[in-house]
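Chemist: coords please:
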Amino acid sequence: MFTLPLGPEGAELRPLEIWQADEFLAHMDRARETVGERNGLPDVVRDLTESRAFLRTYAERQAADAGRLYGIWLDGTLVGGVLFRTFDPVHGVAEAGCWLEPAAVGRGLVTRACRTVIDWAFTVRGMRRVEWHVATDNEPSIAVARRLGMTREGVQRSAYVHRGRRLDMELWAVLSEEWDQPAS
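Modeler: Model prediction:
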């Protein structure tokens with residue numbers, strides 16, 4: 001296991017694993033309302049069984065080299081996460097994503113965590129492209145994509161259903177040759 005500091009305020013990036021299912025569920029309970037506005041994660045992690053199942057899915061993806069999941073801790077409390085929802089080393093393409101509970105918003109934690117994992121994907125794993133899929137009305141997530149130096153490539157109309165509502169999705173991406181933001 002590793003722990004990487006995410007800044008001076010006691011924030012850390014660590015793998016998020018099955019044995020942390022209780023902590024992950026408690027985090028989802030704190031974040032359920034706000035994170036659930038734009039992210040389906042709280043809808044699939046409603047109890048301990050679902051928490052374990054979600055974390056097991058990412059353990060299996062990591063074992064298959066097809067995804068990764070990391071938690072963001074602030075002063076010892078899990079407050080958010082970043083992930084590679086998809087990770088395809090054969091084609092050199094991954095999709096990154098994030099979430100954060102309200103108590104940790106506005107500290108730059110997601111941007112720093114994303115820089116860390118994207119930098120690893122490019123410099124260690126040799127990925128060529130990292131994508132960011134985001135609903136067109138999700139301004140905080142779009143702001144992260146911009147801070148990461150991503151380019152908006154277009155809009156997929158009516159591409160995703162969230163809580164019974166069809167959403168337009170923006171596709172943002174950064175290519176390895178454009179990446180000049182070392183992990184901070």
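Chemist: low-confidence stretches in this structure?
Modeler: 1, 181-184 (pLDDT under 70).
Chemist: what ranges does it have for its helices?
Modeler: 21-36, 41-44, 48-63, 109-123, 139-147 (DSSP state H).
Chemist: the third one vs helix 21-36, what angle?
Modeler: Orientation check (axes from the mean of the first three to the mean of the last three CA atoms, to 10 degrees): helix 48-63 against helix 21-36 gives 90 degrees.
Chemist: how about the CA coordinates for helix 48-63, as CSV?
Modeler: Below are the C-alpha coordinates for helix 48-63, written out as CSV (Å, rounded to 0.1, in the frame of the first residue of the first chain):
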residue,chain,number,x,y,z
LEU,A,48,-22.5,-2.5,3.4
THR,A,49,-23.1,-5.3,0.9
GLU,A,50,-23.2,-2.8,-2.0
SER,A,51,-20.2,-1.0,-0.6
ARG,A,52,-18.2,-4.2,-0.6
ALA,A,53,-19.5,-5.1,-4.1
PHE,A,54,-18.4,-1.7,-5.5
LEU,A,55,-15.0,-2.0,-4.0
ARG,A,56,-14.7,-5.6,-5.2
THR,A,57,-15.5,-4.5,-8.7
TYR,A,58,-12.6,-2.1,-8.7
ALA,A,59,-10.3,-4.7,-7.1
GLU,A,60,-11.1,-7.0,-10.0
ARG,A,61,-10.7,-4.2,-12.5
GLN,A,62,-7.2,-3.4,-11.1
ALA,A,63,-6.3,-7.1,-11.1
